[in-house]
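> Next one to model:
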Amino acid sequence: MKPFRFDLSSLSVQLILSLVAVVLLTAAAAGLPAIWLIRNQLERQAWAQVDQAAQAAQALYSAEESEMDNLATLTAQRPTLHNLLTQGAPDSLLTYLSTLQVSAGLDLLLVCDVGHRKLAQVGEMLDAPLCTAEMPAVFYRLSNGGGPQLWLMGAQPIRGDSAGAQGTVIVGIRLDERFAAQMRAQTGLEHTLLVDGKPVATSLSGGLSYPQPASSEVGDGSARAVFSLNGHPYYAASFPLVSPSFSEDGRSSDLRVEVALPVADIAATQRKLAWALAGSIVLVASVGSMLGIFLARRIGSPLTRLAEVATAFSKGNLATSVPRQTRVREIALVADALEKAGIDLQRGMTELREEKAWTGHLLEAIVEGIVTLDHRGKITFFSQGAERITGWARDDVLGRSCDEVFRPVESPESFSQFIPPPGQRRKITLELANARQAILAVTGARLTPPVTGDARVALVFRDVSEEEAVHRLMGHFLANVAHEFRTPLSALAASVELLLDQFPHLSPTELKDLLTSLHLGILGLQTLVDNLLESASIEAGRFRVSPRRTNLGQIIAEAIRLMQPLLDKRGQRLVVELPAELPLVRADTRRVVQVLVNMLSNASKYGPDDAEIIVSACAGKDEARVSVSDRGPGIPPEHRSDLFRRFVYLHKDSDGAQYGVGLGLSVVKAIVEAHSGQVGVEDRPGGGSIFWFTLPVEGEQ
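Alright, predicted model coming up:
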């Protein structure tokens, strides 16, 4: 027999744990409520004893206050005291007061005259003055002489035979540890006097040093608290004394009385109950565990052997024999079923391996992406071609929704809304892995497995992004070329027709306007043709320049001469800012003139009428820089990197923009870089752009 192993997933362990859990729950259900009830009962009894002691203490203090009031009244009414005060015999008065103090059990006896001056005092001396104008019949007094001291005092006026008063008599007892011990003896609980939250007298063995815990109000000014002193727990209740109280500085103080019950015995009883319950639970759990181990071995051992056989089957070892030696009929039936399943599984696995190998070779040979979806739109298959096209790894997308993986661009609808019907093809622009966008040609088909009847969708897609981009680009390019040719040709035809029909009747000014229009049309067509030819030669790799020593000023003058009619027609002012001397540059004159013509043409097209265009030049040691400044809408920084590529159109969304074929600036860049120069654009202060290029300066020979 194999040794027992603790494994939470095994049936044996689960049976043992179930029995132990039932035992524990049963014991806890029976024992915990009992302990809770006994504990609550003990606590209620303890608090009831504390509350009774507090009520008894309140009654005792009321009796002490009444007794103090009676003593003060009896003392003030004594005839002998009246006679001694009338005779003015101080020695006899002190002797008489000493006798009264001893007989009444007072700690203090004081007589004040009508002027509130002390006449005689016996007993303990207080530093603070007691003879004041207004004193209540009964009050408490706090003194700090030699440590905090609390007194219970009574005061009554001394009246003689006449109507007038002869003074005031004050009697008092000190509320110290002796008094607290007497109160403990009468109430049965520990007794403490508190002034402003600090103990001034107590019967506790810790003295005045024990900490005051946070208390909770229970009504009528009473409060409860729980604290520990020297390792012993206490339940305490406190209540305020309602009679006036005063300190040495004359302010009123918060005077409270606290009674405390030691509850160490209650805590010990609770611990004993807890240990008794824990011992019972451990004993019953041990018995239950032994029973559970016995049952677990009887049921779990044959199941473990069957599980080992099933594990061997899952690893492909289908020839493993199935054991049947068991006394449990149900387990024997499971063994028979497992053996039959092993035989069927071996036959099915052989067929599946053959089909899987054939399918895998077929799918690897297909370059298009193949994706299958279940009825909920979740991806169930993702071919290698799909990984290549989309950039998604198969493990990252299997089980995910197709709407989550494939997101249409610039469309609020989900991908599943764009899936074409079976047998049809649709082009969809999607956002793929790494935020890459692509146009996919998607073909859909519906698959229905013969067994489950669960309809699935198979998608075959191909990346046609480059094809679509070329088609759109060529279409846009041809449309712009046709437009650029049609507009000047129409203008030329209209001008020629007007000359033929109205020539004898036209004035010299009108003839000049028509000829200027013809000249501008021809110039525009010539620039367009030049750009097309240059772009074709650049694309074919036949583009060449023939630089030689050239005067830069003559190049600028030639470009201005060619563009001046167009500027005059739009009322645009051309300002030329050149230094007194310009160096010779090494350049192909015709090509550089073409560069300036393209820049000036753009400045005129995208700038407003009657605007100012500035042509400037400056020279350094190694290169000369030529700039064309306009007042157009400007070029955003994010578009400047693509500005000098082919088929990029300036401000194609602005109102009234004059479109070109998107070749001018690409030709400019090719010509300038062929001269080993640079070209760029920057913002013009006040609005507009500054297009510039550089040419190498020809050294002295």
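> For the rest of this, base every contact and every neighbour count on C-alpha atoms.
Will do.
> which stretches of the stretch 401-550 of the chain aren't confidently modelled?
The stretch 401-550 of the chain contains residues with pLDDT under 70 at 447-455, 465-503, 505, 510-514, 516-521, 523-544.
> where does the spatially most central residue of the chain land in three-state SS?
Nearest to the geometric centre of the chain sits E404, at 24.2 Å (Cα atoms, centre = their mean). Secondary structure assignment for E404 (DSSP: H, G, I helix; E, B strand; the rest coil): helix.
> any idea how far it is from L25?
48 Å (Cα to Cα, to the nearest Å).
> is it true that A236 touches S228?
No: counting by Cα atoms under 8 Å, A236 does not reach S228; the two are 10.5 Å apart.
> So if I had to pick from those two, which one is more boxed in?
Each of A236 and S228 has its neighbours counted (other Cα atoms under 10 Å); A236 has more, 26 against 16.
> ok so that one is a helix residue?
No: under three-state DSSP, A236 falls outside any helix and is assigned strand.
> if you skip the residues just before and after it, what's nearest to it?
Excluding its sequence neighbours, the residue lying closest to A236 (Cα to Cα, 6 or more residues apart in numbering) is A260, at 4.1 Å.
> Now for the one you found: which residues touch it?
Each residue near A260 by Cα atoms under 8 Å, 6 or more residues apart in numbering is listed here: 50, 189-191, 234-237.
> One more pass at 6 Å, please.
Residues near A260 by Cα atoms under 6 Å, 6 or more residues apart in numbering: 189-190, 235-236.
> Which parts of the chain are helices?
Using DSSP state H, the helices found in the chain span residues 11-76, 79-87, 90-104, 177-187, 264-314, 329-365, 384-390, 394-397, 402-405, 465-502, 508-540, 552-569, 589-606, 664-674.
> need the least confident one among the ones you listed, by mean pLDDT.
Least confident of those, judged by mean pLDDT, is helix 465-502 with a mean of 59.
> Please tell me how far the residue nearest to the centre of the chain sits from R462.
On the measure of Cα to Cα, E404 and R462 end up 20 Å apart.
> now do G231
Distance, G231 to R462, by Cα to Cα: 83 Å.
> And the two? Which one has more around it.
Set side by side, G231 and R462 show more neighbours around R462, with 20 against 8, by other Cα under 10 Å.
> thinking that one is in contact with A441, fair?
Yes: with contact defined as Cα atoms under 6 Å, R462 counts as touching A441 (5.2 Å).
> Name the nearest residue to Q101, sequence neighbours excluded.
L109 is the one closest to Q101 (Cα to Cα, 6+ apart), at 6.3 Å.
> what's the burial count for that neighbour?
A count of neighbours around L109, defined by other Cα under 10 Å, yields 27.
> Contact partners for it?
Counted by Cα under 6 Å, 6+ apart, L109 has contacts 121-122, 170-171.
> give me that answer again for 8 Å
So L109 contacts 97, 101, 121-123, 169-172 (Cα under 8 Å, 6+ apart).
> How much space separates it from G154?
Separation of L109 from G154 (Cα to Cα): 10 Å.
> what sits in contact with each of these two?
Common neighbours of L109 and G154 (Cα under 8 Å, 6+ apart) are 170-172.
> out of these, which one sits closest to L515?
Nearest to L515, judged by Cα to Cα, of the shared contacts of L109 and G154 is G172 at 133.8 Å.
> The closest one and G105 touch, don't they?
No: judged on Cα under 8 Å, G172 makes no contact with G105 at a distance of 9.5 Å.
> Give me the more crowded residue out of those two.
More neighbours surround G172 than the other of G172 and G105, with 27 against 10 (other Cα under 10 Å).
> who touches the closest residue to that one other than its chain neighbours in this structure?
Using Cα to Cα, 6+ apart and skipping the chain neighbours, the partner closest in space to G172 is M153 (4.1 Å). M153 is in contact with 68, 138-141, 170-173, counting by Cα under 8 Å, 6+ apart.
> For stretch 393-409, which outside residues touch it?
Contacts of stretch 393-409 (Cα under 8 Å, 6+ apart): 373, 376-384, 387, 414-416, 428-432, 437.
> how about 10 Å then?
Stretch 393-409 is contacted from outside by 371-374, 376-384, 386-387, 390, 392, 413-418, 428-433, 437-439, using Cα atoms under 10 Å, 6 or more residues apart in numbering.
> residue with max distance from the center of this structure?
Max distance from the centre of the chain (Cα atoms, centre = their mean): Q87, 91.5 Å.
> roughly how far apart are that one and L100?
On the measure of Cα to Cα, Q87 and L100 end up 19 Å apart.
> Check L373 too.
111 Å.
> And those two? Which one has more around it.
L373 (23 against 15).
> hang on, the more buried one packs against A458?
Yes: under the criterion of Cα atoms under 10 Å, L373 makes contact with A458 at 6.4 Å.
> For E134, see how far away the residue nearest to Q101 is.
For L109, the distance to E134 - Cα to Cα - is 18 Å.
> same deal with P199?
28 Å.
> same deal with E623?
Applying Cα to Cα, the value for E623 to E134 is 110 Å.
> between those two, which one's more packed in?
The neighbour count for E623 versus E134, taken as other Cα under 10 Å, is higher for E623 (20 against 8).
> contacting residues for the more buried one?
Here E623 is in contact with 583-586, 676-678, 693-698 (Cα under 10 Å, 6+ apart).
> Q270 too?
Neighbouring residues of Q270 by Cα under 10 Å, 6+ apart: 35-36, 38-39, 42, 264, 276.
> how many other residues sit next to A46?
A46 has 19 neighbours, counted by other Cα under 10 Å.
> Surely it touches Y235?
Yes: the criterion here is Cα under 10 Å, and A46 meets it with Y235 at 7.6 Å.
> Need the overlap of contacts for those two.
The contact sets of A46 and Y235 overlap at 261-263 (Cα under 10 Å, 6+ apart).
> Okay, and which of those map to strands?
Counting by DSSP state E, these place 261-262 in strands.
> Of the shared contacts of A46 and Y235, grab the buried ones for PyMOL.
Here is the PyMOL command that picks out the buried ones among the shared contacts of A46 and Y235, judged by 16 or more other Cα atoms under 10 Å:
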select buried, resi 261+262+263
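> ok, back up a step: mind checking which of the shared contacts of L109 and G154 are in strands?
Those of the shared contacts of L109 and G154 mapping onto strands are 170-172, per DSSP E.
> re the thing from before, tell me the contacts of the residue farthest from the centre of the chain?
Counted by Cα under 10 Å, 6+ apart, Q87 has contacts 81, 93.
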